[in-house]
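Asks: curious how this folds, go ahead:
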Amino acid sequence: MMYVAVRYYFCMQQEKSFEKSRMLSGELYIAQDQQLQHDSMRRRRILHEINHSAYDAFDERDRLFHELFAELGEGASIEPPFYCDYGSNIVIGKQFYANVDCIMLDVAPITIGDNVFFGPRVSLYTPYHPIDAPVRNEQLEGGRPITIGSNVWFGGSVVVCPGVTIGSDVVIGAGSVVVKDIPDHSIAVGNPCKVVRPITQEDREYWQSKADEYRRAKDSLK
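Replies: Below you'll find the predicted structure:
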């Protein structure tokens, strides 16, 4: 249901200005028109309030993040400071967590599933720029969407590049630069990021045993 709503939302967004329509469709555009500047100023206002809020203003930040994003699921938590291009092109599922200094450059849609956890300084970059310098110097740029499934963990300082899809049940090691799609049930690491092995039943049994040991230790204190 969430993804149907996401598609509908982004289709409606494309009915906006010429530049915004091209931006969201992944074509070259120039981020100078009135609509995009209005959207940028909206983002600046909200992020200023978020990043300058009191340390214990949890409810206020939650309200502001719901205003900023196209959709934010129940139980989501984002530590300030946080940065993005627009915010309105970001859809996030339930029980999301991002540690400090998260960056989401959303000139194209960013879609994140449920139970996704980010370490500090994770960056999602949808913008791309022409390799040809004269074209680039015309301020032309584009964007390609980033999609992340559910039950995903990113270590600190992970960078995800334009157009990448990361599956569900994935762990990305700290410092990785993800330039190609990562399949479900994978552990991936490196620059460029590559799958090093699948997540196996043996992994699940090991970590379930560790969790059971924790619960027994906690119960013993009662």
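Asks: could you pull out the helices for this structure?
Replies: Taking DSSP state H as the criterion, the chain contains helices spanning 2-13, 18-25, 34-51, 58-68, 133-136, 201-219.
Asks: shaky segments in this protein?
Replies: 1-15 (pLDDT under 70).
Asks: what sits against Gly113?
Replies: 93, 148-152, 168 (CB atoms under 8 Å, 6 or more residues apart in numbering). Bear in mind the C-beta positions are built from the backbone N, C-alpha and C, glycine included.
Asks: oh sorry, the question was meant for Pro127
Replies: 85, 105, 107-108, 141-143, 162.
Asks: likewise for Asp184?
Replies: Asp184 is in contact with 149, 167-170, counting by CB under 8 Å, 6+ apart.
Asks: didn't Gln34 look like it was pressed against Lys16?
Replies: No. Counting by CB atoms under 8 Å, Gln34 stays clear of Lys16, with 10.4 Å between them.
Asks: among the contacts of Gly113, who's most crowded?
Replies: Tallying neighbours with other CB atoms under 10 Å puts Ile148 at the head of these, with 26 neighbours.
Asks: which of the helices of the chain sits most buried?
Replies: A comparison of the helices of the chain by mean neighbour count, using mean count of other CB atoms under 10 Å, puts helix 18-25 on top with a mean of 19.
Asks: what's the offset of it from the middle of its chain?
Replies: Relative to the mean C-alpha coordinate of its chain, helix 18-25 is positioned 20 Å out (CA atoms, centre = their mean, to the nearest Å).
Asks: so which of the contacts of Asp184 are in strands?
Replies: Using DSSP state E, the members of the contacts of Asp184 that fall within strands are Val170.
Asks: make CSV from the contacts of Asp184 and add distance to Ser77 to it.
Replies: Below are the contacts of Asp184 laid out as CSV (distance: CB to CB, whole Å):
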residue, distance to Ser77
Gly149, 19
Gly167, 23
Ser168, 20
Asp169, 21
Val170, 20
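Asks: OK, contacts around Phe18?
Replies: Contacts of Phe18 by CB under 8 Å, 6+ apart are Asp33.
Asks: same thing but at 10 Å, please
Replies: Phe18 makes contact with 29-30, 33, 35 under the criterion CB atoms under 10 Å, 6 or more residues apart in numbering.
Asks: one more: Ser157?
Replies: Listed by CB under 10 Å, 6+ apart, the contact set of Ser157 reads 101, 119-123, 174-177.
Asks: quick one: which of these is nearest Ala211?
Replies: Among the contacts of Ser157, Gly119 lies closest to Ala211 (CB to CB), at 20.3 Å.
Asks: among the contacts of Phe18, which one sits closest to Val135?
Replies: Using CB to CB, the contacts of Phe18 come closest to Val135 at Ile30, 11.4 Å.
Asks: tell me the contacts of the closest residue to that closest one other than its chain neighbours?
Replies: Distances taken as CB to CB, 6 or more residues apart in numbering place Gln139 nearest to Ile30, at 5.1 Å, with adjacent residues excluded. Contact analysis of Gln139 by CB under 10 Å, 6+ apart lists 28-32, 129.
Asks: filter those residues down to the buried ones, PyMOL style.
Replies: Buried residues among those (16 or more other CB atoms under 10 Å), as a PyMOL selection:
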select buried, resi 28+29+31
